[in-house]
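Chemist: give me a 3D structure for the following:
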Amino acid sequence: MNKTNCDDTDNSDDDLLPEYNFSEMKAKPNRFAASAGKQRLKVVVLDEDVAIVFTTPESVNKVLVN
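Modeler: This next block holds a predicted model:
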């Protein structure tokens with residue numbers, strides 16, 4: 001197994017400067033990153049007497065916005 005030297009600056013494909021030392025970082029993974037792109041679906045079940053008055057989602061939203 002070959003080991004590469006971290007101080008080797010001859011690699012033209014490397015965009016990082018040598019003074020960036022990521023080995024000393026104490027970063028933690030973002031626990032919210034997994035759900036950042038996902039839209040959560042919220043379902044509300046209305047009681048039967050309320051569902052009789054509000055028959056469409058638009059009618060419920062209209063009352064909730066006001």
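
Chemist: which one's the longest helix in this structure?
Modeler: Ranked by number of residues, the top helix in the chain under DSSP state H is helix 57-65.

Chemist: counting neighbours, what do you get for residue 43?
Modeler: 4 (other Cβ atoms under 10 Å). Quick note: C-beta positions are derived from backbone N, CA and C, even for glycine.

Chemist: for it, give me the pLDDT.
Modeler: Residue 43 carries a pLDDT score of 83 in this model.

Chemist: can you show me the helices along this protein?
Modeler: In the chain, the helices defined using DSSP H lie at 48-53, 57-65.

Chemist: which one of those lies nearest to residue 39?
Modeler: Nearest of those to residue 39, taken as Cβ to Cβ: helix 57-65 at 16.5 Å.

Chemist: go through the closest one and flag the buried ones.
Modeler: residue 60 (16 or more other Cβ atoms under 10 Å).

Chemist: name the residues that touch it?
Modeler: Identification of contacts with helix 57-65 by Cβ atoms under 8 Å, 6 or more residues apart in numbering yields 46, 54.
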